[in-house]
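A.B. asks: Take this sequence and fold it.
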Amino acid sequence: MNPGSVGPNLAVPMTPLNFEQQSYRDANHMPASNLPAAMMPATPASAIDIPMPTLQNIVSTVNLGVPLDLKKIALHARNAEYNPKRFAAVIMRIREPRTTALIFSSGKMVCTGAKSEDASRLAARKYARIVQKLGFDAKFTEFKVQNMVGSCDVRFPIQLEGLCVTHTQFSTYEPELFPGLIYRMVKPRVVLLIFVSGKVVITGAKFKKDIDDAFSQIYPILKGFKK
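C.D. replies: From the prediction side, this is the model:
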């Protein structure tokens, strides 16, 4: 793995929210499809009519600005593990905010698991401070949110087959490969995982507003395919 290019496609072992969301916190983990670009699918519904999605995971990156001795970090830091044969980074965890960091020898770091951008920034600063206390001249630069994941429950079952047929240019539904319908929205550019149970996962956003806007667009569409 090239640590200089780490971003939202990085998967970290974490406690799953449920079966439908497990391992699908990132669009790059989903079955591939070749869909044409298309216009925005729907007019947003009134905020009064729809539930609000909640953030489940933030993936952010930071540059500590100094080469790191990963063996030293793993040896002296608490809650840290390093197995270079399996993965070229130290995996470190803290409880508050409950997050996981991937720390690379280049000084690049990925922080995942926070429930808000502020919590992600706070966690990343705590990891940087841990590295500083181990004797490295670590800085806190280039903090950037790479991916936000939100979820919501519309509280009614959805006809995924009909949704896929009607919105075929946006949708991929292959239940033998993945139990949810994959809906690729153009504006905002996010991916929605829609399950027959009514659970919806939104991934690929850089801002919370994108998650809210995407859900306000998809909700009236889903109501039209209520079982």
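A.B. asks: in the protein, which spans are helices?
C.D. replies: Here the chain has its helices, by DSSP state H, at 70-76, 117-133, 160-166, 208-223.
A.B. asks: Could you list the domains of this protein?
C.D. replies: The record's domain parsing of the chain by automatic domain parsing lists 18-51+154-223, 59-145.
A.B. asks: Comparing those domains, which yields the minimum mean pLDDT?
C.D. replies: Note on the domains of the chain: domain 18-51+154-223 shows the lowest mean pLDDT, a mean of 80.
A.B. asks: picking that back up, mind putting the helices of the chain in TSV, mean neighbour count and distance to P175 included?
C.D. replies: Any C-beta I mention is one placed from the backbone N, CA and C, and that applies to glycine too. Below are the helices of the chain laid out as TSV (neighbours: other C-beta atoms under 10 Å; distance: least, C-beta to C-beta, whole Å):
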stretch	mean neighbour count	distance to P175
helix 70-76	15	42
helix 117-133	19	34
helix 160-166	16	8
helix 208-223	20	17
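A.B. asks: Distance to V190 for those helices - can I get that in TSV?
C.D. replies: Formatted as TSV, the helices of the chain follow (distance: least, C-beta to C-beta, whole Å):
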stretch	distance to V190
helix 70-76	34
helix 117-133	16
helix 160-166	17
helix 208-223	5
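A.B. asks: Convert the strand of greatest length in the chain to PDB, retaining C-alpha atoms only.
C.D. replies: Determined from DSSP state E, the single longest strand within the chain is strand 141-153. C-alpha atoms of strand 141-153 as PDB (Å, rounded to 0.1, in the frame of the first residue of the first chain):
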ATOM      1  CA  THR A 141      -0.800  19.500   9.300                       C
ATOM      2  CA  GLU A 142      -3.100  19.000   6.300                       C
ATOM      3  CA  PHE A 143      -6.100  17.600   8.200                       C
ATOM      4  CA  LYS A 144      -8.800  16.600   5.700                       C
ATOM      5  CA  VAL A 145     -12.000  14.700   5.900                       C
ATOM      6  CA  GLN A 146     -11.800  12.000   3.200                       C
ATOM      7  CA  ASN A 147     -15.200  10.300   3.700                       C
ATOM      8  CA  MET A 148     -18.300  10.600   5.800                       C
ATOM      9  CA  VAL A 149     -20.800   7.800   6.300                       C
ATOM     10  CA  GLY A 150     -24.300   8.400   7.400                       C
ATOM     11  CA  SER A 151     -27.300   6.100   7.900                       C
ATOM     12  CA  CYS A 152     -31.100   6.400   8.400                       C
ATOM     13  CA  ASP A 153     -34.100   4.100   8.600                       C
END
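A.B. asks: Show me what it is packed against.
C.D. replies: Using 3 or more C-beta pairs under 8 Å, 6 or more residues apart in numbering; DSSP states H and E, the elements in contact with strand 141-153 are strand 54-63, helix 117-133, strand 199-205, helix 208-223.
A.B. asks: Out of the ones you listed, flag the one nearest Q169.
C.D. replies: Q169 lies closest to helix 208-223 among those, at 13.3 Å (C-beta to C-beta).
A.B. asks: quick one: that closest one to strand 199-205, angle?
C.D. replies: 140 degrees (axes from the mean of the first three to the mean of the last three C-alpha atoms, to 10 degrees).
A.B. asks: any idea of the angle helix 208-223 forms with strand 54-63?
C.D. replies: Using the same axes, to 10 degrees: helix 208-223 against strand 54-63 is 140 degrees.
A.B. asks: who does helix 208-223 touch, helix- and strand-wise?
C.D. replies: strand 141-153, strand 181-185, strand 190-194, strand 199-205.
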